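Colleague: One predicted model, sequence on top.
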Amino acid sequence: MRLIKTLLIDNYDSYTYNLFQQIAVVNGVPPVVFRNDEISLQAIIALVNKGEVDNIVVSPGPGTPRREQDVGVSLDIVRDGVGAPVLGVCLGMQALAHANGAAIVCGPGPVHGRLSSVSHTGHRLFAGIPSGPGSGFKVVRYHSLVVNEATLPSHLAAIAWTCGGHQAVRPASSGKSSLPATMPDSRRGVVMALAHARLPLYGVQFHPESVATSYGDALLSNFRDMTAAHHGLLLPRELPVTAASGHSHQDRPQQNRATLDVRWTCLKGALGRDGDDQRIFQSLYGFNGGSDAFWLDSAATDRGRFSYMGGREGPLWRRITYKLPAGGAPSASNCGTVCIEDVSGRTSEVATQWWPYLEQLLRDFTCSCEGSDGRDKLPFDFWGGLVGYLGYELKAECGAPAPFRSTLPDAAFFLADRVIALDHRSGDVYLVVLLDPADAVSTASAVGWGRDRRDQILQILSQTKPLKSTPDSAAQNGSADHSASATAGHSCPLANGHTSHAAVEAGLEERRLSNGHAEACGHAPTPSKVEPFHLHRTCETYMADVQACKDALYAGESYELCLTTALSRRGTPRKALDLYKILRRVSPAPYAAFLSFGKDGPQVCCSSPERFLRGSRSGDLEARPIKGTASRCQDAAADTAAAAALAASEKDQAENLMIVDLLRNDLGRVCQVGSVHVPVLMEVESYAVHSLVSTVRGKRKPDTSIVQCLQATFPGGSMTGAPKLRSMEILDRLEKEARSIYSGSLGFIGFNNAFDLNIVIRTAILHGQQIRIGAGGAVVVQSETKAEYDEMRLKAFALMRAIGEWDGSTGPAAVDDRVAFVSGA
Ligand SMILES: C=C(O[C@@H]1C=C(C(=O)O)C=C[C@H]1O)C(=O)O
Ligand SMILES: NC(=O)CC[C@H](N)C(=O)O
């Protein structure tokens, strides 16, 4: 008795690792994966003959089986068989048909991320699976091409077909759908499965591995049992649980690491008034407009409980920036450059690639706050470590081509050994330091920092009146006096002693200066001095690009494409931090942030609603992809109706489902078998716009590092489309420039194994005299070109409004007319 072992051929798809996970669960042992150009037919036959592989699954993928490079060895496998059962999925089934002489043609229309009912002949592949409309057998499809049934050779039989029309993934519970829930299918039915008459070769056109397909596990179990019967094998009655169990990440032995101590003090209930967080940041880190400072700001605090801020302080502090090599694919012989500046201003450079550098850094530093009385767990995840961004072009080091280069660093992080964490629920303020316990100087400096910061914060918060001159003073209402008391962290009291007023004074000085500025030159430069934004691709070009995306979808090259463009102009009349303060007021978002890197920048004002990936200390991963966007309405009833319409829209559901399956795939590459799940599918969240949000979770494999997780999942699939690789290539051809920080991720990567990174959207990047924002949206076959252009504008709008207020344009209408979308191609 033994388990069935599967060879999984990957046709460069973004759903292959969903099949991987499903097969691993069904077989009780994970499959072996090779890409279609990584293994020869001879090698596969040898594996089968040696009994190392019992069956083969050929994955879906972009393109067509008519093009050799799209399918590689897949076509050889299904031509005459390899002595083992083969199941082709989607492109895999099309390859089976094509290799046997059938015609692969364009279907009645692409069907991406949509549900169909299926009727089947009762073939063994469908044993125990009901058939026909209303039977409960519903499958997700991602394809444009179909097998022409009339051209099937006599030895290849169709054994399943679609029946009825497409259905919404989540039927509408209320509100009006923008599309009918069922679209009539004019055809008799598209071939959904094939079986060879003599050889054990099968194919399914739908995706058994999608989160919304029913009976997918049953189908793969049938394939497993048919394989056992083919080889005359007996399967054990109970399958082992494949999910790796045992030790968690924290328990892993850490070798050759400097373990830093985490120490903190807590100012209980210190936050009382709206705007206290901003007062603290402004006063402590806002001088020079916040140079070398970070603020991971849960500006929409209903979603994020904790915010983190810090500046250039602490003996371990450093600023780390990375530039990809100027041209060509990065490799060991074509390295990029890491530049490091330490707290005293000393700089150094290392020729390296990014991920190995980051891996080493995270190996060199680790931190712990254990060893005390057990009550010492901090309630939040970031205890110090790296804060910064990963730019989109780092995809060059994630196995994707990256033909364009950003003028900005491709990654930039602070090593932060001093962090102020704010708990918006309790009002507690934590002052956290990382220190080397063996180093007395480091301990003394930590104690001094904690003492000073505590005194400064207490003083900042005791100011009863908000200062009028701050640009956002309108937002700072309430002047109730309140007091806060400092309680020492359980691990180690950081401070007690006298007050240093330096930073408080610096903060006041800043306000005096901006006051003077306001008096001397008015609130901001006059609108006439502000250059209009230049839309990098005109409205016409953008709409043509949407059409080009749709053409690619019709051709079977992609299932969904997230097309974007940029707006930029010269002219940054005021400090970036002032813009950020307006942005967090007009467009508060749960993954908002302000980052400012040195005197040369860049400065990042971010109001992102989207989490890319979070990892807990114990290795739980969570992605929260957004797909589906609708504008807010002034009128409450209309706003609720707009949200309900979004939730019921079949187009938006299809967009969202495709990305959910993509994220499941990406997590499936680094997560324990059976652990990837979708606790929330398509819920509306409403910030500057209404968004359809899903949650995908999984448990990181114990032998997989944070860096390996990021390399497997970056850039976030919601900014690329699916399948990721082919989609990014198509987008590069249309967009013709680097996306830079936009479309990347920012957040923290802690030395305690926890990390949390957003998707950089709804973000203004300031650099030199330049200000730039990116915007875009997912294109699917149902997309209308003008509607996509409008969606892109909608996403840029909240930012434009903030920029208008910042640089002196007045109301939103004025911003829209005069500043935004003046294309100057
Ligand atoms: C491309 C953007 O947003 C992305 C596209 C979305 C969509 O198509 O609905 C939603 C969120 C993001 O993943 C953007 O904001 O610029
Ligand atoms: N998901 C797939 O395998 C798609 C196959 C093919 N590219 C099509 O669109 O029809």
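Modeller: All right, it came through fine. Ligands and ions are numbered 1, 2, ... in the order given.
Colleague: low pLDDT regions in the stretch 101-250 of the chain?
Modeller: Along the stretch 101-250 of the chain, segments meeting pLDDT under 70 span 168, 170-188, 241-250.
Colleague: er, the chain actually
Modeller: For the chain, the ranges with pLDDT under 70 are 168, 170-188, 241-257, 370-376, 464-529, 809-825.
Colleague: Off-centre distance for the strand ranked longest in it?
Modeller: The strand that spans the most residues within the chain, counting by DSSP state E, is strand 104-120. Remark: strand 104-120 is offset 28 Å from the chain centroid, using CA atoms, centre = their mean, to the nearest Å.
Colleague: after that strand comes which helix or strand?
Modeller: strand 138-147 (DSSP states H and E).
Colleague: any idea of the angle that following strand forms with strand 104-120?
Modeller: Calculated by axes from the mean of the first three to the mean of the last three CA atoms, to 10 degrees, strand 138-147 forms an angle of 150 degrees with strand 104-120.
Colleague: And strand 138-147, what does it pack against?
Modeller: helix 91-99, strand 104-120, strand 191-196, helix 650-668 (3 or more CB pairs under 8 Å, 6 or more residues apart in numbering; DSSP states H and E). Any C-beta I mention is one placed from the backbone N, CA and C, and that applies to glycine too.
Colleague: buried stuff in the helix or strand following it?
Modeller: Using DSSP H and E, the helix or strand that follows strand 138-147 in sequence is strand 156-167. Of the residues in strand 156-167, 156, 158, 159, 160, 161, 162, 163, 164, 165, 166, 167 count as buried by neighbour count, 16 or more other CB atoms under 10 Å.
Colleague: With just CA atoms, put strand 156-167 into CSV.
Modeller: C-alpha atoms of strand 156-167 as CSV (Å, rounded to 0.1, in the frame of the first residue of the first chain):
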residue,chain,number,x,y,z
LEU,A,156,-11.2,11.5,-28.0
ALA,A,157,-14.7,11.8,-26.4
ALA,A,158,-16.4,14.8,-24.8
ILE,A,159,-17.6,13.7,-21.4
ALA,A,160,-18.9,17.0,-20.0
TRP,A,161,-20.5,20.3,-21.2
THR,A,162,-21.7,23.6,-19.8
CYS,A,163,-25.4,23.9,-19.2
GLY,A,164,-27.3,27.1,-18.6
GLY,A,165,-25.6,30.5,-18.4
HIS,A,166,-23.0,32.0,-16.2
GLN,A,167,-23.8,32.7,-12.6
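Colleague: Parallel or antiparallel, list what pairs with that strand.
Modeller: Paired neighbours of strand 156-167 in the sheet (DSSP bridges): strand 104-120 (antiparallel), strand 182-183 (antiparallel), strand 191-196 (antiparallel).
Colleague: what angle do the helix or strand harbouring residue 18 and helix 91-99 make?
Modeller: Using DSSP H and E, residue 18 maps to helix 16-27. Calculated by the same axes, to 10 degrees, helix 16-27 forms an angle of 100 degrees with helix 91-99.
Colleague: Let me see the domain layout of this structure.
Modeller: 6-231, 260-524+532-619+700-816 (automatic domain parsing).
Colleague: need these in JSON lines with distance to ligand 2, can you?
Modeller: What follows is those, written out as JSON lines (distance: least, CB to the nearest ligand atom, whole Å):
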{"stretch": "domain 6-231", "distance to ligand 2": "3"}
{"stretch": "domain 260-524+532-619+700-816", "distance to ligand 2": "3"}
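Colleague: can you tell which of these is closest to residue 692?
Modeller: Comparison of the domains of the chain against residue 692 by CB to CB identifies domain 6-231 as nearest, at 9.8 Å.
Colleague: Please determine whether that closest one lies in contact with ligand 1.
Modeller: No. Contact between domain 6-231 and ligand 1 is absent, the nearest approach being 12.9 Å (criterion: CB under 6 Å from any ligand atom).
Colleague: element containing the most centrally placed residue in the chain?
Modeller: Per CA atoms, centre = their mean, the C-alpha nearest to the average position across the chain is that of residue 612, at 2.7 Å. Mapping residue 612 onto the secondary structure by DSSP H and E places it in strand 611-615.
Colleague: could you check the angle helix 650-668 makes with that strand?
Modeller: If you take the same axes, to 10 degrees, strand 611-615 sits at 30 degrees to helix 650-668.
Colleague: so what does strand 611-615 touch, helix or strand wise?
Modeller: With contacts taken as 3+ CB pairs under 8 Å, 6+ apart, strand 611-615 sits against strand 620-624, helix 706-713, strand 745-750, strand 755-758.
Colleague: That strand and ligand 1, are they touching?
Modeller: No. Strand 611-615 does not reach ligand 1 (CB under 6 Å from any ligand atom); its nearest approach is 9.5 Å.
Colleague: Now for residue 772: which residues touch it?
Modeller: Contact partners of residue 772, counting by CB atoms under 8 Å, 6 or more residues apart in numbering, are 566, 567, 568, 740, 742, 764, 765, 766.
Colleague: just those residues now: which is nearest ligand 1?
Modeller: Using CB to the nearest ligand atom, residue 742 comes nearest to ligand 1 of these, at 7.3 Å.
Colleague: Is the closest one in contact with residue 566, as I believe?
Modeller: Yes. If you go by CB atoms under 8 Å, residue 742 and residue 566 touch, sitting 7.0 Å apart.
Colleague: Looking at strand pairing, list the partners for residue 297.
Modeller: Beta-bridge partners of residue 297, counted by DSSP bridges, are residue 592.
Colleague: burial count for it?
Modeller: Neighbour count of residue 297, defined by other CB atoms under 10 Å: 27.
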